[in-house]
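**Q** predicted coordinates and the sequence they were generated for:
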Amino acid sequence: MTHLELTKPFQSRELAKAIVKKINKLSVELSKKGFEKINIMHVCGTHEHTITYYGLRALLPENINVIAGPGCPVCIVPAREIDEAIKLAKEGIRIFTYGDMYRVPGSYEGLSQAKAQGARVTIVYGFLDAIRLAQKSEEETVFFGVGFETTAPTTASFIVNNKVPKNLSILMSYRITVPAVEYILSAPHNLNGIICPGHVSTIIGAGAWSFISEKYELPTVVAGFEPIDVLLAILYILEQLINGKAELINEYKRVVKWEGNQVAKKYLSEAFMVADRDWRGIGVIPNSGWLLNDKYDYLDAREKFNVKIDKWIDIKGSCKCADVVLGRAIPTDCPYFGTSCTPQHPIGACMVSSEGTCSIWYKYGGHMIRKMRKDINTEGI
Amino acid sequence: MQEKFIVLAHGAGGKENESLIKEIFGNVKLNKVEGGIGLDAFDDGALIPAKTNIVTSIDSYTVDPIFFPGGNIGKLAATGSINDVAVMGADPIAALDGIVVEEGFPISDLKKIVSSMINVFEQENVALIGGDLKVMPKGKLDKIIISTTVIGMIPQGKIYLDSMVKPGDRILVSGTVGDHGAVITALQMGIETEIGNLVSDCQPVTPIMRLIRKFNDVHAAKDPTRGGLAMALNEFAAKSGVTIEVDEEYIPMKEEVSALSEMLGIDPLSLACEGRVVLAVGSEIADDVLKILRKNGYDNASIIGEARDNKDWNGLVLLKTRAGGMRILEKPTGELTPRIC
């Protein structure tokens, strides 16, 4: 099966139309039932990409509000950890970083600016690249380990299998999505349903999200990343709301298993331990990150090179990145969006990564959506 | 010639320079505009006798890799500048080239590149009336850079400007979009195995422009190179002060281009074309223009949308997406693929 044969059916305009028709019908019924606004949060940058890139918000009735939550692993790395990487790179230690992280500003500058001043920074596609490059040289090197449940297992597998060369250590910045969602739900909120990330669920399993429907009594759908996947997820949430149900549905069965990837999960628990970690501009979220297990202490770049940053600046001026990450603001609420903050000159992290909500809205016209829904007849053209 | 590789002396203006130029440019048949002075004179400059309006354009070509499926940097250098002049409504008649090549570059490759360039000029009846060749020390330049200037004449006083799109105009493209950009991006990313049968669309658009010249109601024409269709449409909308609405379903695109774009997470509408034209034509003639293009081998030509006067949205491009949603088609931002042309 070719790539397009896999994805095309899930981009079908006909199918989208049929689903939207049902969504429209249910939204009318729900407003009759007293639902003034139906707020659905997704927690994945790729979902936001699908929604904005395919212009899906323009298809939805006005009382359905799809909100981007914490779904960008680069956006939530505290400035402190970027500062640590820059400090190491300026001290002559080579930092291997993902391209997405390269331009994210720390307290004062990002790795890209540090490199321009002579700091040692190399962009890699993954941990394996870092291993190969470290093996070729004598110099001390550090991998900037950033990501959610999706990227962490690869790093863990090389650690457990003892494949990390002596001159390579890790600056641990991994975070875990489930506690972040729980953090949002345990505070006062107005959410009516959650769309869970297909990629992360491939690793942790659809079942990992059952607390949302059980404890917080919200309809929950694990969804894929084509427009039909997202529209179906919205429909499944509305159907549950109509029926007064709160269940966990796996829409992305073609990829996600209930129990996830057992091998990956085993590597994660062997290499890492769960710890309370802070998220950029948000603060400490309990059990929301990974640090190295004691027996792999020797791979910890912070210990090995004794990096310590006491003061850092997560949020600059009136930047609304933290609120955007938590779904409490949309990019256009920020005074900098599209004016002083652009992908070329980012002030906040959300404008840098291709998974950041601000960057997606800026690139694909997401900021015009409210006006568009009002003005344009989408049946048109 | 004895040497197999370029040496610094080849660019020094002396005997070596002269003999290299004679060797690689010696077979240019059309080397001056009728009644003018051209390449064969080896003088300091060229002369073009002219009575009409002249259109001219210069571009430097840095494409990486220099040889790619569907062309090479030489073919691209001739085609690109010819196209810039042609979409203004001019007949390209003459060209000048500037080549800067790295010391150690294989002369056989240089010959291939130059003969591709000369072939395009010859096929298009464009006289190569002058040029320059310099050599940079090894490591100071990545292989080769070619600049070309093309000069064209406006035959009937009709010029196509980005600012002349009118509300009600239909927007047409002459063929599939993004072919060149997809090929180059895939090669740069090291996933050439995914390219399949896809080749760059690098070719002169002069035949297209000759076909549409018959119609009075063609208002604007543009070759969507860097920034792709997205950039071209945005320039139409912004410079003409109209709202352009296009439907993704009607935008012709090869399967390989769709697949590569999805794989790489890039918007195929911002991928460069090197042999396509975007047109804004009066609604009454749109079907006839489409018919004549298709009849002449441009099978994938398509009407993709229209221009409107909607004061809230003028200056912007609205896209009905594949899935039926709507969004603004923004100008591409950042560096999608460096050295695409």
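**A** Perfect, thanks for sending it.

**Q** and chain B, which residues reach chain A?
**A** B:245-247, B:249, B:255, B:258-259, B:262-263, B:265, B:267, B:305-306, B:310, B:312-313, B:316, B:318-330, B:333-334 (C-beta under 8 Å from any C-beta of the partner chain). Every residue, glycine included, has its C-beta placed from N, CA and C.

**Q** out of the residues you listed, which are buried?
**A** For the residues of chain B next to chain A, a burial check counting by 16 or more other C-beta atoms under 10 Å in any protein chain shown picks out B:245-247, B:258-259, B:262, B:267, B:305-306, B:313, B:316, B:318-330.

**Q** mark which of the residues you listed are part of strands, please.
**A** Counted as lying in strands by DSSP state E, out of those, are B:Glu245, B:Val246, B:Asp247, B:Gly305, B:Glu306, B:Leu318, B:Leu319, B:Lys320, B:Met326, B:Arg327, B:Ile328.

**Q** verify the stated contact: the second one with B:Leu233.
**A** Read that as B:Val246. Yes: at 6.6 Å, B:Val246 counts as touching B:Leu233 under the criterion of C-beta atoms under 8 Å.

**Q** what is in contact with these two at once?
**A** Contact criterion C-beta atoms under 8 Å, 6 or more residues apart in numbering or on different chains; residues shared by B:Val246 and B:Leu233: B:Ile171, B:Val317, B:Leu329.

**Q** residues contacting the first one?
**A** Under the criterion of C-beta under 8 Å, 6+ apart, the contact partners of B:Ile171 comprise B:Leu233, B:Phe236, B:Ile244, B:Val246, B:Val278, B:Leu279, B:Ala280, B:Ile303, B:Ile304, B:Gly305, B:Glu306, B:Ala307.

**Q** and for B:Ala301, the neighbour number?
**A** B:Ala301: 25 surrounding residues under other C-beta atoms under 10 Å in any protein chain shown.

**Q** read off the pLDDT value for it.
**A** You'll see B:Ala301 listed with a pLDDT of 98.

**Q** can you check the one 3 residues further on too?
**A** What the model reports for B:Ile304 is a pLDDT of 98.

**Q** then B:Leu336?
**A** For B:Leu336, pLDDT reads 67.

**Q** please apply the same query to the one 4 residues further on.
**A** Note for B:Ile340: predicted pLDDT of 88.

**Q** with A:Asn377 instead?
**A** For A:Asn377, the model assigns a pLDDT of 49.

**Q** OK, now which residue of chain B is nearest to chain A?
**A** As assessed by C-beta to the nearest C-beta, chain A sits closest to B:Ile328 within chain B, at 2.5 Å.

**Q** could you tell me which residues of the stretch 1-150 of chain A lie near chain B?
**A** A:2-4, A:7, A:11-13, A:16-17, A:20, A:52-59.

**Q** which of those fall within helices?
**A** A:His3, A:Leu4, A:Thr7, A:Arg13, A:Ala16, A:Lys17, A:Val20, A:Thr52, A:Tyr53 (DSSP state H).

**Q** tell me the one of these nearest B:Glu284?
**A** B:Glu284 has its nearest neighbour among these in A:Arg13, at 28.7 Å by C-beta to C-beta.

**Q** residues contacting the residue nearest to the closest one when sequence neighbours are not counted?
**A** Spatial nearest neighbour of A:Arg13, chain neighbours left out: B:Gly324 (4.2 Å); criterion: C-beta to C-beta, 6 or more residues apart in numbering or on different chains. Neighbour list for B:Gly324: A:Arg13, A:Ala16, A:Lys17, A:Val20, A:Leu59, A:Thr378 [criterion: C-beta under 8 Å, 6+ apart].

**Q** longest strand anywhere in the chain?
**A** Unless you meant another one, I'm taking chain A. As assigned by DSSP E, the longest strand anywhere in chain A is strand A:283-292.

**Q** my bad, chain B
**A** For chain B, the longest strand by residue count, based on DSSP E, is strand B:91-102.

**Q** same for the very next helix or strand once past it, what does it pack against?
**A** The element immediately downstream of strand B:91-102 (helix or strand, assigned by DSSP states H and E) is helix B:107-123. Applying 3 or more C-beta pairs under 8 Å, 6 or more residues apart in numbering or on different chains; DSSP states H and E, we find helix B:107-123 packed against helix B:15-25, strand B:71-72, helix B:73-86, strand B:91-102, strand B:127-136, strand B:144-153.

**Q** quick one: the third one to strand B:144-153, angle?
**A** Counting by axes from the mean of the first three to the mean of the last three C-alpha atoms, to 10 degrees, helix B:73-86 lies at 30 degrees to strand B:144-153.

**Q** quick one: distance of helix B:73-86 to the chain centre.
**A** The gap between where helix B:73-86 is centred and where its chain is centred comes out at 5 Å by C-alpha atoms, centre = their mean, to the nearest Å.

**Q** what do you get for the fifth one?
**A** For strand B:127-136, the distance between its averaged C-alpha position and the chain's averaged C-alpha position is 20 Å (C-alpha atoms, centre = their mean).

**Q** what stretches of the stretch 201-350 of chain A score poorly on pLDDT?
**A** Within the stretch 201-350 of chain A, no stretch has pLDDT under 70.

**Q** quick one: the strands in it, in order.
**A** Applying DSSP state E, counting those that start in this stretch to the stretch 201-350 of chain A gives strands spanning A:220-223, A:248-250, A:272-279, A:283-292.

**Q** pick the most deeply packed of the ones you listed.
**A** Neighbour counts (mean count of other C-beta atoms under 10 Å in any protein chain shown) averaged over each of those peak at strand A:220-223, with a mean of 28.

**Q** for it, name the packing helices and strands.
**A** Using 3+ C-beta pairs under 8 Å, 6+ apart as the contact test, the elements touching strand A:220-223 are strand A:193-197, helix A:198-204, helix A:210-214, helix A:227-242, strand A:248-250.
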